[in-house]
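*Asks:* starting from these lines, generate the structure:
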Amino acid sequence: MTRTPAPRRARAVRGGWLVPGGSAGRVLPAVAMLVAACVTPAAARAGGPAHGATELTVASAAASDRLDHVSVRLRDTGPGPGDGYALTGAAGDATEGGIAVLDDIWEQRTRSVGGAAELRGGATITIAASRDAAADRPWSGSWALRDPSAGIEITADVRGEVLRPADGTATWSGPARVRGLDAASGPGRPSTAEITIVDGVPDPGDHVVRLRHAGVDRWAAVRVPVEAPGGPLPALFHFPGMFETPAVAELTGRLSSSADRERYLLVVPAHEGIGWQGVPGGEDSPPVDDPGFARALADLVIARFGADPSRLYASGTSNGGLFTQSLACRARDRFAAFATVAGSAPGAGCPGYPRARPAPVPMVVLHGADDRVLKYAEAAAGAQAWARSAGCAATTVDTPLPDRAPADGTTVVRHEFAGCPAGTPVVLYEIVGGGHTWPGGVSLFPVDVLGRVSGDLDANAVIWSFVSRFRLGN
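*Replies:* Take a look at the predicted model:
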C-alpha cells in the first residue's frame, strides 16, 4: 500500500541528539564510560602504546609491483656456511605462493605471519608465527629458509616481539641455526638472523592501515574477504558511531562475516576524538578534515587492496551514520551509494542546507522507532529530505516484513518512496520497537540504555543488497 509518511513527533533535540532528561539522559554518559572501560587496550590504559614505537608507524609498505617480498640477513656468524649471507633486492620477491601478514584490530598490531613461497632468487621459505593478545600470549612459531644458490638452510624459532615498521610489514630478529645443504654439514651452528616480510598482496583477513592527513595520524581496519574473486573488489566503508572503535563496530555489527560471505572489502576507519566531525556527536576542534580523510583512505584502499573505484560504498551507524549522510552531500563523486543505521537527520553535515538541496543519491535508512538517542522522527524526516532531492513522490510503498524473532519485541516495516528515479531510490526501514542498535547484531548495553536489538532484520544483508546494485558512472 502507499501513504504519505507522518513521522512521529520528536521531543526536544539539540542537533538531532536527545536532550538529557529522565532515564534517557543516562544514555550517552553510559555509552562513554562503558566503551572506555571495555575497549581500551590494557597497555593504553596504563599510559602508553603496547610494545612501544612500532605503534607510531604511518607509512604504507605495499610493494610497487604488488609482490610479497622477503629479506634475510645473518649476523655474528663467523667462518662457515652462511658467513655474511644476505637475501636482498629482487631475489626476495615471491614468484609462487605467498606470506600473509595479518593484524589485530583491537590493538592495531601484527597478529600473525604465515605462508610458504618460492622466491625469485631460487630460495624457498616457510613461516608460521602468531601471538594471542586476548590470552596475553607472546609470539611463538618458526621459520625456515632454504637457498640452494648459497648452499645453506636457516631455521629459527620465533620468540620475543615481531615489530611492525610499516603497514603490511613484519620484522623479527633473534637466534637462528645455519647449516649447509650437504649431508656432512651436521646440525648447523648458531647465528643471529634478521628477517623482514612485506605482504605486497594483502591476504584474506584483517589488516590495519595508517596514513597521515591534515597533520593527524589516522588509521583504519581493512577486511579482505575469504575466497575473494579475481579482479578489483567492491568496498564498503563503514563509519563507526560515537565512542565506537572499529573493533567494537565489528563486535556489535558482525561486519566481517558479511564481507566474507558476499566477498567485498570492508573498510572501517577510526574517528579522531569521540566521533566524526561536522555532524552531531563529533567534536569540532581541533579540525581534522574527516571528509578529506575518507577520500584519502579511499585512494589508499584502491592502490593497495585493489578496490574497484566505481564500486565504493559508504555506511555508518549513529554519529557515523550522520557522517555517511555528510559524505552523500560532499563525496557523491567517490561513493556510489549510501546507508545509515540509527543515524539520519535532515541536512546533517550538508553545506548550505536547506537553502542548498543536496544532489540525489541512492540512500537506505534503517532506524529504530524507539531510539532514544536519535529519534525516529528525525530519521524519517531525513529520509524524506533525500527523497525530495531525488524527485521521488511524497508517498511510500509500505511492506511489513516477517516477524522472524517474535521474542525480541520488534517488527520491521519497509517504506520505499514511490516514483524515485531508478538510479537514486530512497528506502526507510522502520524497526518498530527497536532502539539505538544494529539490527541483527548484538548490544553491549542493557535494554534500558540503548533499547532492543531486532532479530527480524540483518542490517548487513539489507545494506549490501541495496548498495551493491550501483556503480559510479551508471
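
*Asks:* for the stretch 251-400 of the chain, what spans make up the strands?
*Replies:* Using DSSP state E, counting those that start in this stretch, the strands found in the stretch 251-400 of the chain span residues 265-269, 307-317, 337-341, 363-368, 396-400.

*Asks:* relative to residue 249, which of these is closest?
*Replies:* strand 265-269 (5.6 Å; Cβ to Cβ). C-beta coordinates here come from the backbone N, C-alpha and C atoms, glycine included.

*Asks:* what packs against that closest one?
*Replies:* strand 216-224, strand 233-239, helix 246-253, helix 255-262, helix 290-305 (3 or more Cβ pairs under 8 Å, 6 or more residues apart in numbering; DSSP states H and E).

*Asks:* what do you get if the cut-off is 6 Å, keeping everything else the same?
*Replies:* strand 216-224, strand 233-239, helix 255-262, helix 290-305 (3 or more Cβ pairs under 6 Å, 6 or more residues apart in numbering; DSSP states H and E).

*Asks:* which residues does stretch 177-186 contact?
*Replies:* 81-82, 151-155, 188, 191 (Cβ atoms under 6 Å, 6 or more residues apart in numbering).

*Asks:* out of those residues, name the ones that lie in strands.
*Replies:* The strands, defined by DSSP state E, take in 152-155, 191 from the contacts of stretch 177-186.

*Asks:* which of those residues tops the neighbour count?
*Replies:* When neighbours are counted by other Cβ atoms under 10 Å, residue 154 leads the ones in strands among the contacts of stretch 177-186 with 26 neighbours.

*Asks:* what pairs with it across the strands?
*Replies:* residue 145, residue 178 (DSSP bridges).

*Asks:* do I have it right that it meets residue 188?
*Replies:* No. Using Cβ atoms under 6 Å, residue 154 is not in contact with residue 188, being 8.6 Å away.

*Asks:* hang on, the earlier thing: from the contacts of stretch 177-186, pick the one nearest residue 460.
*Replies:* residue 155 (43.7 Å).

*Asks:* that closest one touches residue 143, doesn't it?
*Replies:* No. At 7.4 Å, residue 155 does not count as touching residue 143 under the criterion of Cβ under 6 Å.

*Asks:* can you list the low-confidence ranges for the protein?
*Replies:* 1-65, 77-78, 135, 183-185, 474 (pLDDT under 70).

*Asks:* for it, what spans make up the helices?
*Replies:* Here the chain has its helices, by DSSP state H, at 27-39, 42-45, 246-253, 255-262, 290-305, 319-330, 376-390, 447-450, 459-467.

*Asks:* can you lay out those helices as JSON lines showing distance to residue 126 and mean neighbour count?
*Replies:* Shown next, in JSON lines, are the helices of the chain (distance: least, Cβ to Cβ, whole Å; neighbours: other Cβ atoms under 10 Å):
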{"stretch": "helix 27-39", "distance to residue 126": "35", "mean neighbour count": "15"}
{"stretch": "helix 42-45", "distance to residue 126": "31", "mean neighbour count": "12"}
{"stretch": "helix 246-253", "distance to residue 126": "30", "mean neighbour count": "22"}
{"stretch": "helix 255-262", "distance to residue 126": "26", "mean neighbour count": "19"}
{"stretch": "helix 290-305", "distance to residue 126": "25", "mean neighbour count": "19"}
{"stretch": "helix 319-330", "distance to residue 126": "41", "mean neighbour count": "28"}
{"stretch": "helix 376-390", "distance to residue 126": "53", "mean neighbour count": "24"}
{"stretch": "helix 447-450", "distance to residue 126": "47", "mean neighbour count": "17"}
{"stretch": "helix 459-467", "distance to residue 126": "36", "mean neighbour count": "21"}
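
*Asks:* check the gap between residue 209 and residue 254 for me.
*Replies:* Remark: distance between residue 209 and residue 254 (Cβ to Cβ, to the nearest Å) = 22 Å.

*Asks:* which of the two has more neighbours?
*Replies:* Neighbours per residue (other Cβ under 10 Å) separate residue 209 from residue 254, with residue 209 holding more: 24 against 16.

*Asks:* distance of the more buried one from residue 199?
*Replies:* From residue 209 over to residue 199 (counting by Cβ to Cβ), the distance is 12 Å.

*Asks:* what ranges do the strands span in the stretch 51-200 of the chain?
*Replies:* Using DSSP E, counting those that start in this stretch, strands in the stretch 51-200 of the chain cover 69-75, 86-87, 94-104, 109-119, 124-132, 137-147, 152-157, 169-180, 189-198.

*Asks:* and the fourth one, what does it pack onto?
*Replies:* With contacts taken as 3+ Cβ pairs under 6 Å, 6+ apart, strand 109-119 sits against strand 94-104, strand 124-132.

*Asks:* how about the spatially most central residue of the chain, what does it touch?
*Replies:* Residue closest to the average C-alpha location in the chain (Cα atoms, centre = their mean): residue 268, at 2.3 Å. By Cβ under 6 Å, 6+ apart, the contact set of residue 268 is 221, 238, 246, 249.

*Asks:* how close does the third one sit to residue 68?
*Replies:* In this case it means residue 246. Taking Cβ to Cβ, one finds residue 246 at 25 Å from residue 68.
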